[in-house]
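K.L.:
Build the 3D model from these lines:
(2 chains)
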Amino acid sequence: MTTLSFSRKEFVIFARDRRLLLSAIFIAALALTAVITGFGQVRSYERDRLTTEARDMRTWLGQGQRNPHTAAHLSMWALRPLSAPAVLDPGVFPYSGAAIWMEAHSQNPARNRPVEDRPSGFDVGQFSLAWVLQTLLPLVIMVIAAGAVAREREQGTFRLLLASGRTPRRIAVDKLRSVLAITALLGLPLAALGIGAALVMAGVPTAAELVRLLLWAASYVVWFAILALIAVSVSIFARTTAVAILILIGLWLTAVFIAPRAGAALADVVAPTPAADRFWAGVAADLEKFPPDIAEQFEASVLKKYGVSRKEDLPVSFAGLQLEWGEGIGHQVFDASYGRLNATYLRQRSAMRWVAPISPLPALQNLSMALAGTDMLHQQAFNAQAEVHRRVVVKMLNDDMAANGRGQDFDYKAGAELWRRVPTFAYRPPTARAIIANIWPDVLIVLAWLGVAGLIFGAAARRLEKSPA
Amino acid sequence: MTWRIEARRLLRERLAVAALVVLVLVCSLALASGRSVLATQLDGRAALAADQMQERKGFLEQLQKAEADAVPTLPNGARFQVVAPLPLLVDFNVGRAAFENYSTGVSMRVRQDGLFKRTQFDNAELLARGRLDLSTVVVVVVPLLLIGLGYGLFTADRDSGTAKLILAQAGSPIGLLGVRSVLRLGIVVVPIAVTAAALLLAGPSIEGRFSAAGTWLLVAGLGLLAWWALILLVNSMRLSAETSALFLVGIWGLLVFAVPAALTAAAGLAYPPPSRLELITTARATEVGASTDYENDHPGMSGEDAAAIQASVLKSYRISRTVEGAITPLIDNFERRQAQQAAFVSRVQYLSPPLVLAETLNKVAETDATRFLGFRQATRRHLANIKNSLGPLVERGQRMTVADYDRLPTFSWRSAPAAIGAALAYLIAITLGLLAVALMRYRRIRLG
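P.N.:
Now for the predicted structure:
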């Protein structure tokens, strides 16, 4: 029996097993629904975002004559765009904010988290193609692979395979190939469907986008290879198919369901996220640490700089200068506070990787989100860029008040000419280098798991050689 | 005799030992996670209470000194923290407490659309991974362990041909299965009960917590019994052990993962939430339209004259009222849509008993969507009451006094008791129905 006819036989067995066929059809239907839903959600969000930006720009430009610092309080909003690969994996987007108010005096967190609109409190994951490929399809693969060798031995047909001249190791490898072929048959069309949807969303994709989509698919190829290696190994070790199924389901439960949650719980214990009111209390406390006469010191330095003895004699608006100086104080405090918060997030991410020995899934999730542009790196890039833009806009407005508001201060009014000069926010995704720097440990973890799975399979094949039937 | 034999057999089964070990580990994780969440919630509330006392003390001192001041104390200087009561069993079931706010600041300067903002600091990566609390263990993990313990309850004996022998000694299959059921259920019930007791004893002693825990255990027990009834029914069919295992795992995957995920997505499609971005732009457009020039952001800098400052505060108050008039219908629409979504889920949840179980446990723990929606609505009403109390002072340009401060409404809200009667009846009906059919089938079993 050649390898090809062996695989064909395995496929026929799979196709004749109505239970497995039905499961596979159901998963495919679910994946299709996930792709359609994801496509609709991303498109709807992007339409909403563009409409909002246009409307808000009209409000900004149409605000009439107004004091620039008042306009700095109205300010503008930074809205996070979603790239086409978000159709495949929404990542952290449902749980992180999409909108930042870039107002004066305050570095605000992103708000409008889609998860707040979810009607149910029962969370088994965000329904998406990535979720189907990470959670449900592995279950089907494990059930298919459970009987790969165990059933042959149960039914006594393994001896027949041996009688055909194949060694036990060769049979094990052929079984693995068959499982991989069936997995490819189930998984590749789903991945292709998702990538197709992402390409339709992108319109004319760039080379970088195409590379990301292909790498995204490749990461799942490695994921399914790991699953197939381990599942066939368990089928070799187990006495019966039923026992193999249960062991594999137990492994699935541990690796797919428990490990990511355990990692998150561990991360929260190791580096707890501060509560919002504690964060703002910390900001207020840091502001209090500045010397009480700091405002007087600033006034004295300005008077000295301009060579005058009274604020009224300044050639500029002191209020405008003071506002921008106050922003500078705030920048120091916010840089320190958000720096501590981001350091907490980094420690949490490291802690989450401690579950890597139990499961490759958290690492795969990090890769999937990074390649879909929906991981924390992309979110933090958005947050950081919005803050940079906020400072530019507020400074521009305060500087205008300082330069033109002499003698009027808050009675000085600017108009549309100034509002038009204010630059609009444009998000730039992280560079490939930044993405790689963020995910290389996850790449190593997934590849290490592939190696370990290969070793386990090797040990299983040797066991089969020793006691084939 | 049968008890002893079955107990010894069970203890020798590696699968049973593995299930117990996994459950103990998972319950330990759930215990640690629950304690951590509870500690965060308690510490946060304690810190807020301390801050509020300081704030109140400071403001009252300011009011008392105001007699001597040329500049009146501005009503918009009065700030309050609105804090939701601690959910009774947040350590058993985190639910929406993982990302919903339990507090927000209210004052004359805060608008309806400004409530619960600037609070989204949770690590989205952690939220995306999900929590492992005791409810998740009961709804997701334990049914799978029960399947592992019970798929071959009777089918394995039938497959191996030993069923006749066993029945010859034990008598009716019903009695035998009863013994086996009690032993296997004991393996899962004991760790859960111990974990629940540990959480209860280590948690705060607040009114209603113990009775809620009792209800929670009752509901959890019913949910697990429903699964066991299904397992018994499947064992009564003429299926091999392997097919039973496959069938039960398939049902579990469908009802625990696929159906709830699809129903949640369907709720979003049937009642899509209005655009929050639209709410933002409407508020901003209204704000711009309501003012030609104002210096409400820095009334203290608009001049040192008391009259100028009061005029500025009045202007700010009127603009805020105009904006709130425009956005309140949008917020109402939002909350109405959220309530419709929740109602939709509560209707279709009966397609998935695990979803019914999960939602009911959420309600008992007070971490469900309806409860947080109620808190947000109560907070909005409280903000409106504060403004209704202080607004006249602002309109009349009146100085705020200590008596005015003491007359201000205090926030007091408690969610309505969870309505779980229908869900309980459903779980009981499912369990009894499955058990009845299973028992009928076992009575008719002929091993010839």
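K.L.:
When you work out contacts or count neighbours from here on, use the C-alpha atoms and nothing else.
P.N.:
Noted.
K.L.:
residue in chain B nearest to chain A?
P.N.:
B:Glu242 (4.5 Å; C-alpha to the nearest C-alpha).
K.L.:
list the contacts for that residue?
P.N.:
The contact partners of B:Glu242, by C-alpha atoms under 8 Å, 6 or more residues apart in numbering or on different chains, come to A:Thr241, A:Ala242.
K.L.:
Dump the strand or helix carrying it to PDB, restricted to CA.
P.N.:
Here B:Glu242 sits within helix B:241-253, counting by DSSP states H and E. C-alpha atoms of helix B:241-253 as PDB (Å, rounded to 0.1, in the frame of the first residue of the first chain):
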ATOM      1  CA  ALA B 241     -18.400   3.800  24.600                       C
ATOM      2  CA  GLU B 242     -16.500   5.700  21.900                       C
ATOM      3  CA  THR B 243     -19.600   6.900  20.200                       C
ATOM      4  CA  SER B 244     -21.100   8.000  23.600                       C
ATOM      5  CA  ALA B 245     -17.900   9.900  24.300                       C
ATOM      6  CA  LEU B 246     -17.900  11.600  20.900                       C
ATOM      7  CA  PHE B 247     -21.600  12.400  21.100                       C
ATOM      8  CA  LEU B 248     -21.400  13.900  24.600                       C
ATOM      9  CA  VAL B 249     -18.300  15.900  23.800                       C
ATOM     10  CA  GLY B 250     -20.000  17.200  20.600                       C
ATOM     11  CA  ILE B 251     -23.000  18.300  22.600                       C
ATOM     12  CA  TRP B 252     -20.800  20.000  25.100                       C
ATOM     13  CA  GLY B 253     -18.800  21.800  22.400                       C
END
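K.L.:
And the helix or strand just after that helix, what does it pack against?
P.N.:
Where DSSP H and E defines the elements, the next helix or strand beyond helix B:241-253 is helix B:259-270. The contact analysis (3 or more C-alpha pairs under 8 Å, 6 or more residues apart in numbering or on different chains; DSSP states H and E) places helix B:259-270 against helix B:306-348.
K.L.:
so what's B:Gln340 closest to, chain neighbours aside?
P.N.:
The shortest distance from B:Gln340 to any non-neighbouring residue, by C-alpha to C-alpha, 6 or more residues apart in numbering or on different chains, is to B:Tyr271 (6.9 Å).
K.L.:
thinking again about what came up before, for the helix holding B:Glu242, buried residues please.
P.N.:
By neighbour count with 16 or more other C-alpha atoms under 10 Å in any protein chain shown, helix B:241-253 contains the buried residues B:Ala241, B:Glu242, B:Thr243, B:Ser244, B:Ala245, B:Leu246, B:Phe247, B:Leu248, B:Val249, B:Gly250, B:Trp252, B:Gly253.
K.L.:
Check stretch A:12-28 too.
P.N.:
Neighbour count says stretch A:12-28 has A:Phe14, A:Leu20, A:Ser23, A:Ala24, A:Ile27, A:Ala28 buried, by 16+ other C-alpha under 10 Å.
K.L.:
what's the distance between the second one and A:Leu133?
P.N.:
Between A:Leu20 and A:Leu133 the computed distance is 17 Å (C-alpha to C-alpha, to the nearest Å).
K.L.:
same thing with A:Asp375?
P.N.:
17 Å.
K.L.:
Give me the more crowded residue out of the two.
P.N.:
A:Asp375 (24 against 19; other C-alpha atoms under 10 Å in any protein chain shown).
K.L.:
give me every residue that touches that one.
P.N.:
Contacts of A:Asp375 by C-alpha under 8 Å, 6+ apart are A:Gly91, A:Val92, A:Phe93, A:Asn366, A:Met369, B:Glu125.
K.L.:
For those, which entry has the maximal number of neighbours?
P.N.:
The contacts of A:Asp375, ranked by neighbours (other C-alpha under 10 Å): first place A:Gly91, 28 neighbours.
K.L.:
Confirm that residue sits in a helix?
P.N.:
No. Counting by DSSP: H, G, I helix; E, B strand; the rest coil, A:Gly91 is not found in a helix; it is coil.
K.L.:
which residues touch stretch B:97-109?
P.N.:
A:116, B:75-85, B:90, B:115-117, B:119, B:122, B:127, B:317, B:320, B:367, B:372, B:383, B:386-387, B:390.
K.L.:
So what would you say the end-to-end distance of it is?
P.N.:
End-to-end distance of stretch B:97-109 (C-alpha to C-alpha): 27 Å.
K.L.:
chain center to that stretch: distance?
P.N.:
17 Å (C-alpha atoms, centre = their mean, to the nearest Å).
K.L.:
which parts of that stretch are buried?
P.N.:
B:97-109.
K.L.:
Write out the residues of the stretch 151-300 of chain A neighbouring chain B.
P.N.:
A:241-242, A:245-246, A:253, A:258, A:260-262, A:264-265, A:267-269, A:273-278 (C-alpha under 8 Å from any C-alpha of the partner chain).
K.L.:
Same list, the buried residues of stretch B:97-109, but as JSON lines with pLDDT and secondary structure please.
P.N.:
Listed next are those as JSON lines, based on pLDDT from 0 to 100; DSSP: H, G, I helix; E, B strand; the rest coil:
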{"residue": "B:Ala97", "pLDDT": "92", "secondary structure": "helix"}
{"residue": "B:Ala98", "pLDDT": "89", "secondary structure": "helix"}
{"residue": "B:Phe99", "pLDDT": "89", "secondary structure": "coil"}
{"residue": "B:Glu100", "pLDDT": "91", "secondary structure": "coil"}
{"residue": "B:Asn101", "pLDDT": "90", "secondary structure": "coil"}
{"residue": "B:Tyr102", "pLDDT": "92", "secondary structure": "coil"}
{"residue": "B:Ser103", "pLDDT": "92", "secondary structure": "strand"}
{"residue": "B:Thr104", "pLDDT": "92", "secondary structure": "strand"}
{"residue": "B:Gly105", "pLDDT": "90", "secondary structure": "strand"}
{"residue": "B:Val106", "pLDDT": "92", "secondary structure": "strand"}
{"residue": "B:Ser107", "pLDDT": "89", "secondary structure": "strand"}
{"residue": "B:Met108", "pLDDT": "88", "secondary structure": "coil"}
{"residue": "B:Arg109", "pLDDT": "86", "secondary structure": "coil"}
